[in-house]
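Colleague: Sharing a model that was predicted from the sequence below.
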Amino acid sequence: MIQSAIVALLAVAQATASPPSPPGRITVEVFASVDTRPVAGASVSIDGALLEVRTDRSGSWTGAIAAGEHRVQVKAIGYQPRDTVLQVSASLTVRLSLAQAIVPLDEIIVTAGRREQRLADAVVETEVITSNELRRGPSDLSAVLAERVGIQLDGGVPSGVSVQLRGFGGRRVLVLLDGQPVVGRVNGTLDLSRLPVATIERIEIVKGPQSTLYGSDAIGGVINLISRSAPSSGVEAGVSTLTGSHGRTAIDGDAGFRRGALSATMDAGYHGVDLVSGMLSDQATYSRRANGGLRARWALDSARGLELGTMAVLERQRYRTGQLYHFGDNVQTSMRLAAHNDGKVDRISATISGSTFDHLSRAATGDAPASDSGARDRQRLLQGELDWSGVRGFGTADAGITLRREWIDADRLSEHVTPITGVEPFAQATFPFGRMLVTPGARLSWSDRWGQFLAPRLAVLARPGDDIAVRASIGRGFRAPDFKELYLSFVNDAAGYAVYGNPNLRPERSTSISLGAEWTGATTYLRATGFNAKYRDFIETLAPDANGVYTYGNVASGWTRGLEVEGGVLLREWRLEAGGERLWTRDASTGRPLLGRAPITMRASITGPTLLATNLTLRAAYVGRTPISTDPDGTTEYRNAFPQVSARLSRQVGPKLELSGEVTNLLDYRLNAGWPGYTGRTASIGLRWRTNAID
């Protein structure tokens, strides 16, 4: 008996003294089930441990792990989580596929509250176009946005293509690049097709008035373009090429690295096509654009960091009307320098940004312009911001102040136009009440030219259930008069008329309310939003006086209201989405609908795998019959409805290479020239290659 006990004790002692199981090595490769594309930035958790472990751009993570049985959990934004049990020996490589999520509620956004938060926690309606969607969509930014429910195209030749949100045109929709405003409007339109899609990681769209957070121009909403970030580790690079009909040629390249505290990405590209947006003909017509950019970040420590971002675009366009050739030369630049300090409960950030745009417009009877001719337009914006966010006992508070200095040098402006300086403090707070968030806020904008404007807003998010969100908001928006409306000085002696600006103009203003609900399940979502906006003091051209002199005045008023409905479903690996908008508008002076606003728009898309590991994306759009002009006798002219179908096929060839082909306006529906963004049927084939991250 005693001998047995001694033997047992010796066995226990020997087991206790034995070395632990030898460590193993595990490599987790994560890819999308729909197209076998590597999933970068996926978090990997071992046995429930909270680790800051993420896959690199090649979708891979490698680490040491004890031999034995382990539970591995993988999560990635835009995908459903994956949970599996693995038996690890000396080494193991496992490939895990992730099914896509119908709505990326865990996506981190910055536009809705001027700080990082989950998409699910945004108190105002926010839509995100992810990097996966950008890769599957058109290479033109305006076309990407036009595929979303509630967005219509605006502009046309020669100003380019912008978008309408909730019935408000492009000059009343604020466009941001990494949170900073971009200048470059021609005839009030910022040509979104000028900005390269290849450098964008995601797009955040916030509909409705956002002047409380962003000031002028944000009456219809805000579109924030977020640039591509550096790899999580090592070095990587990528190249994409495109060729197609109408002389389409494109090549884009980028490289990125992360070494210790320093990370950076660089990109460059060239795009050319023998078309100009809004014109059917490709005779004597072309658009050529080159772009480049740099983004760098230096982490001083775990809480503090510096960021630098730059972007430059050079563009030339040519098109012909009658016997004249028209030329447009554009140079667009932007710069951003930011610093931040993250405390335990507070975050402070300071940003200095600049945006410039040089435009030269010329005309000639030959196919080349005279070097010393044309009308010049140079726009400059310098802006400084100081922002603070903090968590307090009542909830979360945000505050900040913006300093702006804007100026312009143009041939058709009156002499001695001085810069416009503005100061804009803002504050908002988010109060939690059970399953409800209430966010009041206000911004006071002061200008040395047009005075001041107060833009308050109240937004509420309620979640009666885990899958249901109800959002409501009421707020004011405004747009400040631009330099040309204030100081234009143009005389056409041959035609016998003149146009002069009005330095006494006031800001345009609007008051909007919206109410929306969203239900999001694991594989299905449905959302509906209703809105009503009243506007007044909108700036329009006044009738000429007895001497044929035109000027501007705060004379336009009216309303826009509408209903947006959309939904989607995942059927195995297929994603189906559809939606539409019914829009009503009214000009109070005429009692007629606003021109250029389609009362009905509908969108639908289907994406999924087909034969031979090829993925198909079909997109359909319908833009209803639209009023475009009104004759002096009161007769309204309409543009016919415009149906459009586009198709894209892509195939992932290994982890590095993707082949694709696309046809837009597949039915070749013929529309009158001048429709924003319309260029007839086009076809293209593309090739995209990306390295794995190299440590």
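Modeller: That came through fine. Given the structure is predicted, the values throughout are model-derived calculations rather than measurements.
Colleague: Domain parsing of the protein, as residue ranges.
Modeller: Listed by automatic domain parsing, the domain ranges of the chain are 19-98, 206-370+377-690.
Colleague: Ok, which of those domains comes nearest residue 136?
Modeller: Among the domains of the chain, domain 206-370+377-690 comes nearest to residue 136, with 5.2 Å by C-beta to C-beta. Placement of C-beta: from N, CA and C, glycine included.
Colleague: tell me, which of the domains of the chain is the model least confident about?
Modeller: Ranked on mean pLDDT, the bottom entry among the domains of the chain is domain 19-98, at a mean of 76.
Colleague: the strands in the stretch 151-300 of the chain, which residues?
Modeller: Secondary structure of the stretch 151-300 of the chain by DSSP state E, counting those that start in this stretch: the strands cover 151-156, 160-165, 173-177, 180-181, 185-186, 189-190, 200-207, 221-227, 234-244, 248-259, 262-273, 286-299.
Colleague: that older thread, of all the domains of the chain, which one is nearest residue 143?
Modeller: domain 206-370+377-690 (6.4 Å).
Colleague: Just the endpoints, please. Distance across that closest one?
Modeller: End-to-end distance of domain 206-370+377-690 (C-alpha to C-alpha, to the nearest Å): 32 Å.
Colleague: i'd like the first residue to be 56 from this point on
Modeller: With 56 as the first residue, the last one maps to domain 261-425+432-745.
Colleague: Take the domains of the chain and lay them out in CSV including mean neighbour count and distance to residue 216.
Modeller: Shown next, in CSV, are the domains of the chain (neighbours: other C-beta atoms under 10 Å; distance: least, C-beta to C-beta, whole Å):
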stretch, mean neighbour count, distance to residue 216
domain 74-153, 16, 28
domain 261-425+432-745, 17, 5
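Colleague: do you know which of the ones you listed lies nearest residue 208?
Modeller: Comparing the domains of the chain against residue 208 with C-beta to C-beta, the closest turns out to be domain 261-425+432-745 (3.9 Å).
Colleague: Export the domains of the chain as a markdown table, with columns for distance to residue 174.
Modeller: Formatted as a markdown table, the domains of the chain follow (distance: least, C-beta to C-beta, whole Å):
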| stretch | distance to residue 174 |
| --- | --- |
| domain 74-153 | 9 |
| domain 261-425+432-745 | 10 |
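Colleague: still on that earlier bit, can you add distance to residue 674 and give the strands of the stretch 206-355 of the chain back as CSV?
Modeller: Listed next are the strands of the stretch 206-355 of the chain as CSV, based on distance: least, C-beta to C-beta, whole Å:
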stretch, distance to residue 674
strand 206-211, 14
strand 215-220, 17
strand 228-232, 22
strand 235-236, 30
strand 240-241, 29
strand 244-245, 24
strand 255-262, 17
strand 276-282, 20
strand 289-299, 17
strand 303-314, 18
strand 317-328, 20
strand 341-354, 23
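Colleague: From residue 738, how far out is the residue most central in space within the chain?
Modeller: The chain has residue 258 as the residue nearest its centroid, 2.6 Å off, counting by C-alpha atoms, centre = their mean. Distance from residue 258 to residue 738, counting by C-beta to C-beta, to the nearest Å: 25 Å.
Colleague: Then residue 308?
Modeller: 24 Å.
Colleague: before we move on, what about residue 214?
Modeller: Distance from residue 214 to residue 738, by C-beta to C-beta: 27 Å.
Colleague: repeat for residue 339
Modeller: According to C-beta to C-beta, residue 339 stands 22 Å off from residue 738.
Colleague: One more: residue 248?
Modeller: Per C-beta to C-beta, residue 248 is found 18 Å from residue 738.
Colleague: Can you show me the helices along this protein?
Modeller: Remark: helices assigned in the chain by DSSP state H are 57-72, 186-191, 196-201, 266-269, 538-542.
Colleague: Check those helices for me: which has the lowest mean pLDDT.
Modeller: Looking at those, the lowest mean pLDDT belongs to helix 57-72 (a mean of 46).
Colleague: Tell me who's in contact with residue 197.
Modeller: 208, 216, 217, 218, 246, 247, 248, 332, 731, 732 (C-beta atoms under 8 Å, 6 or more residues apart in numbering).
Colleague: distance of it from residue 615?
Modeller: 21 Å.
Colleague: likewise residue 583?
Modeller: Residue 583 is 17 Å from residue 615, by C-beta to C-beta.
Colleague: ok, now residue 225?
Modeller: 15 Å.
Colleague: With distance to residue 412 as extra columns, can I get the contacts of residue 197 in CSV?
Modeller: Formatted as CSV, the contacts of residue 197 follow (distance: C-beta to C-beta, whole Å):
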residue, distance to residue 412
208, 21
216, 16
217, 14
218, 18
246, 10
247, 14
248, 15
332, 18
731, 20
732, 21
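Colleague: Pull out the buried members of the residues you listed.
Modeller: Applying 16 or more other C-beta atoms under 10 Å to the contacts of residue 197, the neighbour count classes 208, 216, 217, 218, 246, 247, 248, 332, 731, 732 as buried.
Colleague: closest to residue 384 among those residues?
Modeller: residue 246 (13.2 Å).
Colleague: Let me see the contact set for the closest one.
Modeller: Here residue 246 is in contact with 197, 210, 214, 215, 216, 217, 239 (C-beta under 8 Å, 6+ apart).
Colleague: 10 Å - rerun?
Modeller: 196-197, 210, 213-217, 225, 239-240, 332, 370, 372, 383, 385, 387 (C-beta atoms under 10 Å, 6 or more residues apart in numbering).
Colleague: Quick check on it: phi, psi?
Modeller: Dihedral pair for residue 246: phi -70, psi 100, per degrees, to the nearest 10.
Colleague: In terms of pLDDT, where does it sit?
Modeller: In this model, residue 246 carries a pLDDT of 90.
Colleague: separation between the nearest residue to residue 124 once chain neighbours are set aside and residue 117?
Modeller: Taking C-beta to C-beta, 6 or more residues apart in numbering, and ignoring the residues beside it in sequence, residue 124 has residue 142 as its nearest neighbour in space, at 5.4 Å. Using C-beta to C-beta, residue 142 is found at 18 Å from residue 117.
Colleague: what about residue 743, distance to residue 306?
Modeller: Note on residue 743: its distance to residue 306, by C-beta to C-beta, is 11 Å.
Colleague: do residue 407 as well
Modeller: Distance from residue 407 to residue 306, by C-beta to C-beta: 32 Å.
Colleague: again, but for residue 326
Modeller: 8 Å.
Colleague: Quickly list what's touching both of those two.
Modeller: Common contacts of residue 326 and residue 306 (C-beta under 10 Å, 6+ apart): 253, 297.
Colleague: who's the residue lying closest to residue 348 once chain neighbours are set aside bridged to?
Modeller: Nearest residue to residue 348, sequence neighbours excluded (C-beta to C-beta, 6+ apart): residue 366, at 4.2 Å. When assigned by DSSP bridges, residue 366 has beta-bridge partners residue 348, residue 389.
Colleague: wait, residue 366 sits on residue 324?
Modeller: No: applying C-beta atoms under 10 Å, one finds residue 366 not in contact with residue 324, separated by 11.2 Å.
Colleague: Identify the contacts common to the two.
Modeller: With contacts defined as C-beta under 10 Å, 6+ apart, the residues adjacent to both residue 366 and residue 324 are 251, 254, 346, 347, 348.
Colleague: Many thanks, I have nothing further to ask.
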